[in-house]
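Chemist: How does the following fold in three dimensions:
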Amino acid sequence: MSLTVTLAILVAAALVFGWATYKARQPYEAGRPPFVPYLVVQFVAVLAIILMAGHLVSLLTGKPFTGRLG
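Modeler: Sure thing, here's the model as predicted:
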């Protein structure tokens, strides 16, 4: 992926996380649970942010992550 695509996905995931946080904090009607589990949406967005941040570091430094053993 290019730098532009990585940054676009990173920003999109941050916006989705913000939207899910906003929606999760709104009160809901009693007896009618929310249709979308916003905590799961937040988790997926944070996962995407972490992955894109790691990929961004790889793109900017020119060295891929090799882990602790590599």
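Chemist: residue ranges of the helices in this structure, please?
Modeler: With DSSP state H, the ranges of helices along the chain come out as 3-24, 38-61.
Chemist: Would you convert those helices into TSV that also reports distance to Arg32, mean pLDDT and mean neighbour count?
Modeler: Heads up, the C-betas are built off the backbone N, CA and C, glycines and all. Converted to TSV, the helices of the chain look like this (distance: least, C-beta to C-beta, whole Å; pLDDT from 0 to 100; neighbours: other C-beta atoms under 10 Å):
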stretch	distance to Arg32	mean pLDDT	mean neighbour count
helix 3-24	14	96	14
helix 38-61	15	94	14
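Chemist: can I get those helices in CSV with distance to Ala30?
Modeler: Converted to CSV, the helices of the chain look like this (distance: least, C-beta to C-beta, whole Å):
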stretch, distance to Ala30
helix 3-24, 17
helix 38-61, 18
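Chemist: just so I know, which of those helices lies nearest Leu69?
Modeler: Leu69 lies closest to helix 38-61 among those, at 16.6 Å (C-beta to C-beta).
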